Every structure is written in C-alpha cells, then in structure tokens.
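A.B. asks: Build me a model:
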Amino acid sequence: MPLSGSDPNAPVGIFDSGVGGISVLRALRELLPEEDAIFVADQAHVPYGPRPLEEVRAFAHAITRFLLAHRAKLVVVACNAASAAALQELRSSFPVTLFVGMEPAVKPAAGHTRSGVVGVLATPATFQGALYASVIERFTQGVMVLQDTCPGLVGQIEAGALEAGETRAILENALRPMLAQGIDTVVLGCTHYPFVIPLIQQIVGPQVRVIDPAPAVARQVARLLEAHGLRRPAQSGQRVPVRIFTSASPERLNRLLPRLLGEPALVQAVVWEAGELEFN
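C.D. replies: Next up, the predicted model:
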C-alpha cells in the first residue's frame, strides 16, 4: 500500500496540545535542518493530560486530517497524552500515513539506573494509557518507578514562566520526595517538560540523569524518512522556515518562540469549527 505522502519535498507534520511539542520540533530542526516542517499547537485545548481519552482522540484525528491536507509526509504526535490516547487508533484510521509517537523513556531509564529507583514526570493521561502500562510491565522488573503529575506545570510553561518561583515549587514538590527515595534518573513523560530541564537539574543535582525524549524521536523520524525514501535533499544548506499554526493567540506564541525554538517562524491562527481545524 503506497504512503499518503510520497514526495520527499513535502513537510513533516507535528502536533501537540500546546508549545511542548516545540521541544520535539527543535530536535528535528537540529538533526534534519533541510526538512520542511508544519507544527500545530492546539492551545485552545491545552493541556490534553486531564481530558477524557475520547476527547483527545477526536482532537488528534482532526489535527491529523489538517496536517495531511497540508501534504504532510509523516506525522509526529509530539504529545505524550495524545500518543497514549490515540496513536494506535491513528495508525488504524490512516493506514498509509507514517506516524511517530511519544513513549516515556522508561526502558533506557530502567536499563541504566544504578540505584534501582526511577522517577517519571508526566500528565494523568500518560499514566492512565495502555502504552505506559505496557512499558512499565515489560521493562521495569526489579526497578522502583515513582510517578508525579506535576499539577500546573504545563500551564506555567505555556505562560513562558520557565524560571518562576511557582514553577520551581511545582518541581520541588514532585522531585524532593523522589530524591528522598533514591532516584538517580528522571524521565520526562511530557513534551513540555524539557523546557525546564535547567530548573530540574538545579533541584536534582548532577548525580541524577534527566532523560529528554526529543532527540530519540528525531532520530526515529530520520530513520523512517530514510527507509521510505522520503528524506528531503539538502539544498545548499538552506533551512526552510517552519510554519506554525495555533488554535489560540498567534501573538502569545510569537513572544515565546525565541526562547523555545530559537529561530523565527510564521505563526498563523486556526479555529475549531464543527470538530475540524480551519483557517481563522
């Protein structure tokens, strides 16, 4: 069965409930600078984590249709909650589309821990999903896994409050009890959380490893594009500007982009109409 996106010059599509997926977009831009990219931030519904799974699935399907309408050759579900809720159904519903999702990096954490105690920071939807349960069952025998949902952290990051006292307090509340039980590894199970890695490292110290999943996701995208002959040819080293769509305020996202992505991008507004994303 042929793939829906068979043009190497077509863009990679990426989506998240908010700005968190920009951590994955940033890793993709570092590894695959020649690739065109379209990013959808569904900030009208952020965060996905506390929402019912069926609602998240509906959002994920509609955003995928939007990205495919923009010729996406591969779709990155750059959201742990959406991956947990919808990745399997997306692959069934769009069988000729390549998907890459997020999986909490519990396997490498369990394989490298010396203390036998690992902390995982994620949203409720990720912890409740079958994907997370499967990873825990398969890879954590003999390892104690401590979990925290970090209530309010996604909102702080969406607001750009990356070093704020309230942000630090949320992380302290999550990490201090884990440190007391001997964690030596922290898994970031939400794509928003890599933006506060400097703060996390201040709290846990250099002896605790912090695992950012974004580089591994970028490598998987590269492998799939290569395997299917979809890598975009480099053109004199020129980078194609990223196109970003938000279902909230483009102005707010534009203010955050220099800190989160580190390069300019065209930000456009989209709106939800009858369960579909449309241009504003």
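A.B. asks: Work out for me the element Val270 sits within.
C.D. replies: In the assignment (DSSP states H and E), Val270 maps to strand 265-273.
A.B. asks: Now that strand: buried residues?
C.D. replies: Across strand 265-273, burial judged by 16 or more other Cβ atoms under 10 Å covers 265, 267, 270. In this view, the C-beta of every residue, glycine as well, is placed from N, C-alpha and C.
A.B. asks: Including pLDDT and distance to Phe66, could those residues go into CSV?
C.D. replies: Listed next are the buried residues of strand 265-273 as CSV, based on pLDDT from 0 to 100; distance: Cβ to Cβ, whole Å:
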residue, pLDDT, distance to Phe66
Ala265, 90, 17
Val267, 94, 15
Val270, 97, 7
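A.B. asks: which residues of the stretch 51-200 of the chain fall in strands?
C.D. replies: Assignment of strands within the stretch 51-200 of the chain using DSSP state E, counting those that start in this stretch yields the ranges 74-77, 98-100, 117-121, 144-148, 185-188.
A.B. asks: Out of those, the one nearest Gln43 is which?
C.D. replies: Closest to Gln43 of those is strand 74-77 (Cβ to Cβ; 16.5 Å).
A.B. asks: what residues does the closest one touch?
C.D. replies: 5, 12-15, 21, 24, 28, 60, 64, 67-68, 83, 86-87, 90, 94, 97-102, 217, 221, 224-225, 230 (Cβ atoms under 8 Å, 6 or more residues apart in numbering).
A.B. asks: Mind listing the strands it pairs with, and their directions?
C.D. replies: Strand pairing for strand 74-77, using DSSP bridges, gives strand 12-16 (parallel), strand 98-100 (parallel).
A.B. asks: Thr246: which of those is closest?
C.D. replies: Of those, nearest to Thr246 by Cβ to Cβ is strand 12-16, at 10.6 Å.
A.B. asks: and the closest one, average pLDDT?
C.D. replies: Averaged over strand 12-16, pLDDT sits at 98.
A.B. asks: burial measure for Gly226, as a count.
C.D. replies: If you look again at residue 226, you'll see it is Glu, not Gly. Other residues near Glu226 come to 10 when the count uses other Cβ atoms under 10 Å.
A.B. asks: And it, what's its pLDDT?
C.D. replies: pLDDT recorded at Glu226 is 97.
A.B. asks: Go ahead and report the secondary structure state at it.
C.D. replies: Following DSSP: H, G, I helix; E, B strand; the rest coil, the label given to Glu226 is helix.
A.B. asks: Begin at 784, not 1, for the rest of this chat.
C.D. replies: Taking 784 as the first residue, the last one we looked at is Glu1009.
A.B. asks: Tell me where the stretch 934-1063 of the chain has helices.
C.D. replies: 936-941, 948-963, 980-987, 997-1010, 1033-1043 (DSSP state H, counting those that start in this stretch).
A.B. asks: deepest of those, which one?
C.D. replies: Sort the helices of the stretch 934-1063 of the chain by mean neighbour count, taking mean count of other Cβ atoms under 10 Å, and helix 936-941 sits at the top with a mean of 23.
A.B. asks: Just tell me which of the strands paired with strand 857-860 ends up closest to Gln939.
C.D. replies: Nearest to Gln939, of the strands paired with strand 857-860 and by Cβ to Cβ, is strand 795-799 at 16.0 Å.
A.B. asks: Just checking the distance from the closest one to the centre of its chain.
C.D. replies: 9 Å (Cα atoms, centre = their mean, to the nearest Å).
A.B. asks: List of residues touching the following helix or strand past that strand?
C.D. replies: Using DSSP H and E, the helix or strand that follows strand 795-799 towards the C-terminus is helix 805-814. Outside helix 805-814, the residues within contact range by Cβ under 8 Å, 6+ apart are 795, 797, 799, 818, 820, 822, 824, 859, 861, 885, 974-975, 977-978, 995, 997-998, 1000-1002, 1004-1005, 1022, 1025, 1040, 1043-1046.
A.B. asks: Alright, I will stop here.
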